[in-house]
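Novice: got a predicted structure plus its sequence, pasted below:
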Amino acid sequence: MEKTQASEMQKGEVKEQLKASSDGSICGFDSLHRLLKENLKPQHFQEVSRLLIGLNCGRGLDAISLPESVTAVSVEHGFDLQAFSFHADKELLREPRVVRVGLIQNSIALPTTAPFLDQKMAIFKKLKPIIDAAGASGVNILCLQEAWMMPFAFCTREKRWCEFAEPVDGESTQFLQSFALKYNMVIISPILERDINHGKVLWNTAVVIGNHGNIIGKHRKNHIPRVGDFNESTYYMEGNTGHPVFETAYGKIAINICYGRHHPLNWLAFGLNGAEIVFNPSATVGELSEPMWPIEARNAAIANSYFVASINRVGTETFPNPFTSGDGKPAHADFGHFYGSSHFSAPDASCTPSLSRNRDGLIIADMDLNLCRQLKDKWGFRMTARYDLYADTLARYLKPDFEPQVISDPLLHKKY
Ligand SMILES: NC(=O)NCCC(=O)O
């Protein structure tokens, strides 16, 4: 074949792939895992998986079988459903501490031009069967995506979207409290919060609902992005709740909301406070962060000897008025594609495959929390860390007269 003809064909193929990707898929596959599985020989896929998603207690993760009724609901409502089990070594003095954790990713349910209340109620309606599926699967702790009760309108900088904000005990919390009670389930509900007692200001907040339907507490997002179209500081400021760990019926949990995942010290602080599972409810788009997504979560799980649960929303949300974000790009009316890909990472460097890149989904994992201490004992990161050195450097760095500790080669500027 002529060289030019071949390269024309290649161009055609690339075009075809790009077309396929405009539906949010990866070359027609709805996750990287599925693309690899379909295209590699079984033994190649096994080796690639070993390196890409690691081994748990020396072997690949087992899939969990869920009740048939749950599978049927996922088919009826068209959401991706996956379930896995993380093991820990058997101990002589402690019983296994297995908890079942669920994560839900979803697209919005109505166009952003619909009346606000209709938009919110449509999301409630869409989530109901997925939350019920989690409950019927025996999920103990369930987490939804960042600002799940609204479109992620913060790209627009228009203030009218503030109307979606609710107090911590508002209608979204009340909606979820009934499921918490019904299924004896802890639910993490990331919302746009309006703080009624403090001048009605807004926060990006995760409400933790206990398994009796009670509100255990809240955490407010510590790090607010100012990158690309993520103009969130137009709406709310850096959180004031520190790094709380919530002791629940099923373990000690914390929430590192979205952009906080780029800050290793944020992850560390939740670990120092004793978290066993840290949830990372997010809203992020492919062009901006996709290569970072699996790495940051996994690294946090390894470095802090806890489980990380990553959730990202799905789909492309188009807004009524085009906007720019000071980056020289032409005005546009959407963020780009929210790529889903929710998954779990474990302290032993293993992780689950990800949910679909373009469909709603529920991913479930059983995790034996004994694995956290086992990894602390094995790798000793808590013992070998030099917190005193870091604290000293940070204390000096915070001073206005800080000077970086740099030792320059005296020959660097010498003229020969
Ligand atoms: N929601 C949010 O904080 N997004 C920021 C973008 C990112 O961190 O990938």
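Specialist: Sure thing, it's come through. Residues are numbered from 1 along each chain as shown.

Novice: wondering if stretch 249-267 reaches the ligand at all.
Specialist: Yes. Judged by Cβ under 6 Å from any ligand atom, stretch 249-267 and the ligand are in contact via Cys258, Tyr259. (Each C-beta comes from the backbone N, C-alpha and C, glycine too.)

Novice: list the buried ones in that stretch?
Specialist: 250-261, 266-267 (16 or more other Cβ atoms under 10 Å).

Novice: please enumerate the strands of the stretch 301-416 of the chain.
Specialist: Ranges of strands in the stretch 301-416 of the chain, per DSSP state E, counting those that start in this stretch, are 307-312, 314-323, 332-339, 343-345, 361-368.

Novice: now swap in the stretch 51-200 of the chain and tell me
Specialist: Going by DSSP E, counting those that start in this stretch, the stretch 51-200 of the chain shows strands at 62-63, 80-86, 98-105, 141-143, 186-195.

Novice: and the stretch 51-200 of the chain, which residues reach the ligand?
Specialist: So the stretch 51-200 of the chain meets the ligand at Glu146 (Cβ under 6 Å from any ligand atom).

Novice: could you give the number of residues near whichever residue of the stretch 1-150 of the chain sits closest to the ligand?
Specialist: Among all residues of the stretch 1-150 of the chain, Glu146 sits closest to the ligand, at 5.6 Å; criterion: Cβ to the nearest ligand atom. Close neighbours of Glu146, defined as other Cβ atoms under 10 Å, add up to 23.

Novice: so what touches the top helix by length along the chain?
Specialist: Counting residues, the longest helix in the chain under DSSP state H turns out to be helix 116-136. Contacting residues not belonging to helix 116-136 are listed as 67, 69-70, 73-74, 76-77, 79, 81, 102, 104, 106, 108-110, 112, 114, 142, 144, 148-151, 163-164, 171-172, 175-176, 179, 182-183, 185, 360, 362, 364 [Cβ atoms under 8 Å, 6 or more residues apart in numbering].

Novice: re earlier: tabulate the strands of the stretch 301-416 of the chain in CSV, adding columns for distance to the ligand.
Specialist: Formatted as CSV, these follow (distance: least, Cβ to the nearest ligand atom, whole Å):
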stretch, distance to the ligand
strand 307-312, 9
strand 314-323, 13
strand 332-339, 10
strand 343-345, 15
strand 361-368, 19
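
Novice: which of those strands sits closest to Cys27?
Specialist: Closest approach to Cys27 among these (Cβ to Cβ): strand 332-339, 13.9 Å.

Novice: next helix or strand past the helix-or-strand element of the chain with minimal mean pLDDT?
Specialist: The helix or strand of the chain with the lowest confidence, counting by mean pLDDT, DSSP states H and E, is helix 3-21 at a mean of 51. The element immediately downstream of helix 3-21 (helix or strand, assigned by DSSP states H and E) is helix 32-39.

Novice: buried ones in that following helix?
Specialist: Leu32, His33, Arg34, Leu35, Leu36.

Novice: doesn't Trp203 fall inside a strand?
Specialist: Yes. Under DSSP: H, G, I helix; E, B strand; the rest coil, Trp203 falls within a strand.
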